[in-house]
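Need coordinates for the below:
(one chain, ligands or ions: 1)
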Amino acid sequence: MNHPLRQTSRQASRHCALIVGHSKERPGATNLSDGISEFQFNSRLAKSIVESVQACSETRISIVFRKTYRALPAEVNALTPDFCISLHCNAFDTTASGTQTLYYHSSVESKGLAERVQQVAIDSLVLRDRGVIAVRDNGRGAHLLRSIIAPCVIAEPFFIDNDSDLKQANERFEDLARSFARLIQYVSL
Ligand SMILES: [Zn+2]
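Numbers count the residues shown, from 1 in each chain. Model (predicted):
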């Protein structure tokens, strides 16, 4: 089997911490028609991403479920990952639509990772490009983004409360998972 990208990315093994946003008890935003929550969608997505990583790749993914939001950064830092992607969905008024990715404003490496994650999500879901968002202190996700030592982003590929965004995400789910897996294996930071 031919692995064209492998030649250009020959490097030591890499370790990605893949955080599933929210928790079973507090599952985040929910789609009112379908009932699916951020936690449910992203638990499935994380599992599918891990299954899509090629057996031959030297990539390790740790799926991280939060115990508490406060304790989450320390848990991730203890894993000493090379980089970190936190899986979320956006939600607003059931009609807002599109893809965005958040990073901590002063981290150049996180910004680079955010741009790659954003591109992958846009290419997979073909929703409106809302861009990468620089988060400052007290901004959404700042505690996590600021406290994790490795480059870290929060992915929000679609609005889960928007029925047509959710339909698109469900229809293109496998593509999204495979594309994230590919990015995790080959992204250079
Ligand atoms: Zn969320």
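
where are the low-confidence patches of the chain?
1-12 (pLDDT under 70).

State which helix of it is the longest.
helix 108-125 (DSSP state H).

Now do the same contact list for the spatially closest residue to Ala121 that is not a sequence neighbour.
Spatial nearest neighbour of Ala121, chain neighbours left out: Pro157 (4.1 Å); criterion: CB to CB, 6 or more residues apart in numbering. (Each C-beta comes from the backbone N, C-alpha and C, glycine too.) Taking CB atoms under 8 Å, 6 or more residues apart in numbering, we find Pro157 in contact with Cys89, Thr99, Ala121, Ser124, Leu125, Leu127, Ala169, Leu176.

for this protein, what spans make up the helices?
Secondary structure of the chain, counting by DSSP H: helices at 38-52, 72-78, 108-125, 142-147, 163-171, 173-186.

possible to save these as JSON lines with distance to Ile85 and mean neighbour count?
Below are those laid out as JSON lines (distance: least, CB to CB, whole Å; neighbours: other CB atoms under 10 Å):
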{"stretch": "helix 38-52", "distance to Ile85": "9", "mean neighbour count": "20"}
{"stretch": "helix 72-78", "distance to Ile85": "11", "mean neighbour count": "16"}
{"stretch": "helix 108-125", "distance to Ile85": "6", "mean neighbour count": "20"}
{"stretch": "helix 142-147", "distance to Ile85": "11", "mean neighbour count": "19"}
{"stretch": "helix 163-171", "distance to Ile85": "16", "mean neighbour count": "17"}
{"stretch": "helix 173-186", "distance to Ile85": "7", "mean neighbour count": "20"}
